[in-house]
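1. dropping the sequence and predicted coords here.
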Amino acid sequence: MSWKPLHMVRNIGIIAHIDAWKTTTTERILFYTWINHKIGEVHDGAATMDWMEQEQERWITITSATTVCFWKDYHINIIDTPGHVDFTVEVERSLRVLDGWVAVFDGSQWVEPQSETVWRQADRYNVPRIAFVNKMDKIWADFQMSVDSIATKLTDKGIPIQIPNWAGSEFQGIVDLVELKYYEFEGSHGEVQVEKPLPDSMKDEVEIAREAMIEKISWFDDDVAMKYLEGEDISVEEIKKAIRAWTIANELYPILCGSALKNAGVQLVLDAAVAYLPSPIDRGEIKWVNPDNEEEEMSREPGKGQPASAIAFKIMTDPFVWTLTYVRVYSGTINTWDTLLNPITWAKERVWRLMLMHSNKREEIKSISEWHICAFLGLKDTKTWNTLCDQKSPVILEQMNFPEPVISLAIEPNSKKDQEKLGIALNKLWSEDPSFKYFTDEETGQTIIAGMGELHLEIIVDRLKREHKVEVTTWAPQVSYRETITTTAQAQWVFKRQTWWRGQFWDCHLKLESIKGVTDENWAQVNYEFVNEIVWWVIPREYIPAVDKGAKETIEKWLLAWYPIINVRVTVYDGSYHEVDSSEIAFKIAAYNAFKKAFQEAGPQLLEPVMDVEVTTPEDYVWDVMGDLSSRRWRIESQEQKWTATVIKVKVPLSEMFGYATTLRSLSQWRANYSMQFGSYEQVPSNVADEIIKERIWSGKVRSLDPEA
């Protein structure tokens, strides 16, 4: 295919809270851009972008899906992302490879929790975006309420560039404040966008709204400000130019409105995407690291004819073909049969086939130009977020860290045949989803799968059975507790032993301290610091790394209840050695035992993941819901009224939230809903901690803290 000039390319994503009709919006985009000749409805299980069986059955998006479409001669690459918090990592990795986003909001609700999450993610990666207030045909829809909610919860830089002609069941059309045009949408699928005279009843409202829009633009744009203050007319072209410039700069966020389900306003969203969201040229250079010295080098600019480089941001296994590796090309052109270098592993990869993806359908192409998205077929050694580049010009593009799982399940194959297939299937699922982990428990021999939530693991198990034909049984979820210390403690470990051929001697003094004020952005990965305060003549410097290694291995072996230890600083401050009988292994063992001894005296504590939970319930069920939450060791944060619903924000330990979805549905007759995401690790109450430790001892997981054991 022929590639458009870079200024005519848009790489955009669709983000939203679950049930904001994000995928419905994407389906309309595909229909209006002639990619689909029939609209696929989510509620019918026929949505193009929700192609997995699990997505069609649950009416939710689970995995991000890519497609290509064309609008008014612009080439648009689109990624439709999940809205459920368990699959936020799909949004995270898509954010890193796209240039702009369309954030979809439910016009009958205030900004919902997952919308806040994905908006903050976009802030972190500095991705420009426009907002589409959807469901304007729904009862209780209120455009101004949505605008106020965006200003209150997300940003005060939102700028309405459209307003609806009424809302709810009376919704009729949309006024474009930039061009001062009024549109209604006719035809069986709203495909006919008809410009009509502005209703007399809206003229005053439109005048006030347009004045407010221009005033807000003038806060940022000097040219518009000058004309606005002097009372001069400002042309449509000047307004569009200013909105585009300040949207790309992340200083303004245009707000649009419509109803995707009722086929109204989606064409105007496409117009706004090409008018205001950035092209690859607007996003500018991408930084890279020299793999030889790991130092940041010069950037690569779009359109400069530089050597090929690309990022593999998603892996998909297909039972009928080789592995599909989704990539974004950042420089150069890549052709079929090209051999690329993976500078992470230094493996060479042959690109056997190139595919443009339309959800789960493929269109084979011969080459891919820079700043476009496609899939490579047949790569063997490339993992998620690896760089692929020209062999003569190796670079490592910006890397990404994935959150650690917070919930786990024990999983067991039902037969020997299933056991043989289980490992292969789990490895394929892990390669697709970096937020999913699996490992073998050394104590019990059980296979453990870990993920971001109950739904996440439910989907994993379902895919094992359906896609990989592996029959398994699962056991109750296990919470990922952590261990830490609360005070400072010191310990010495001395050991002397004489054997027939040589002696063994080690003497190590360690101090353990709690690391205060650690912010755990990576979902409580092990935080460990090692400090060497030894003067060289006390213990030779060549033994210090062995002490460090011994302390690290103690953390990995765990102590209190057989959970990972975090937030500990280890200082070696004294000791002694023997010129003949001391060795590296001796000091490693000494550090191991000194750590265990000091840990007992440092106030060991068990920590648990505490979740931020937001429950939205009709007023009739508030007290029932709050009563149930109070039985789950809750800590209430806030309670506020939003229209006819009450929103309760609480912190609840993850261990108390298993099965909550079923309970909440029962309490509210299916009318309440909730969202949950990781908040922090906090100390477990002593009575609960005692029960957890007793259970671990009973299960045989906990070893004695006695250093002699």
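-> On my side now, so go ahead. Everything numeric here is computed off the predicted structure, so don't read it as measured data. Numbering: from 1, shown residues only.

2. mind listing the strands in the stretch 551-700 of the chain by residue range?
-> Using DSSP state E, counting those that start in this stretch, the strands assigned to the stretch 551-700 of the chain run over residues 568-576, 604-618, 635-642, 645-653, 673-683.

3. tell me which strands the fourth one pairs with, and in which orientation.
-> Think strand 645-653. Note on strand 645-653: by DSSP bridges, its sheet partners are strand 604-618 (antiparallel), strand 635-642 (antiparallel).

4. most packed of those strands?
-> Highest mean neighbour count of these: strand 604-618, a mean of 21 (counted as mean count of other C-beta atoms under 10 Å). For the C-beta atoms, the positions are set from N, CA and C on the backbone; glycine is no exception.

5. what stretches of the stretch 51-200 of the chain score poorly on pLDDT?
-> Scanning the stretch 51-200 of the chain for pLDDT under 70 picks out 51-62, 83-86, 167-169.

6. can you give me the strands for it?
-> Under DSSP E, counting those that start in this stretch, the stretch 51-200 of the chain gives strands at 65-71, 74-80, 100-106, 129-134, 158-160, 162-165, 173-176, 181-186, 192-196.

7. next one: the stretch 251-400 of the chain
-> Counting by DSSP E, counting those that start in this stretch, the strands of the stretch 251-400 of the chain are 253-257, 288-290, 295-296, 309-316, 324-331, 334-335, 339-342, 347-350, 353-358, 361-365, 367-368, 373-377, 387-389, 396-397.

8. sketch out the low-pLDDT regions of the stretch 601-709 of the chain for me.
-> Applying pLDDT under 70 to the stretch 601-709 of the chain flags the ranges 643-644, 670, 699-709.

9. reformat the strands of the stretch 551-700 of the chain as JSON lines; add distance to Ile555.
-> As requested, those are exported to JSON lines (distance: least, C-beta to C-beta, whole Å):
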{"stretch": "strand 568-576", "distance to Ile555": "7"}
{"stretch": "strand 604-618", "distance to Ile555": "12"}
{"stretch": "strand 635-642", "distance to Ile555": "29"}
{"stretch": "strand 645-653", "distance to Ile555": "23"}
{"stretch": "strand 673-683", "distance to Ile555": "15"}
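
10. to Ile281, which of these lies closest?
-> strand 673-683 (35.7 Å; C-beta to C-beta).

11. quick check: buried residues in that closest one?
-> Across strand 673-683, burial judged by 16 or more other C-beta atoms under 10 Å covers 673-679, 681.

12. that strand pairs with which strands?
-> Paired neighbours of strand 673-683 in the sheet (DSSP bridges): strand 604-618 (antiparallel).

13. which pLDDT value goes with the residue nearest to Ser115 when sequence neighbours are not counted?
-> Spatial nearest neighbour of Ser115, excluding adjacent residues (C-beta to C-beta, 6 or more residues apart in numbering): His17 at 4.3 Å. pLDDT for His17: 78.

14. who touches His17 in this structure?
-> 83, 105-106, 112-115, 675 (C-beta atoms under 8 Å, 6 or more residues apart in numbering).

15. got TSV for the residues you listed, with distance to Ala551 too?
-> Shown next, in TSV, are the contacts of His17 (distance: C-beta to C-beta, whole Å):
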residue	distance to Ala551
Gly83	43
Phe105	50
Asp106	51
Glu112	45
Pro113	40
Gln114	40
Ser115	43
Ser675	40
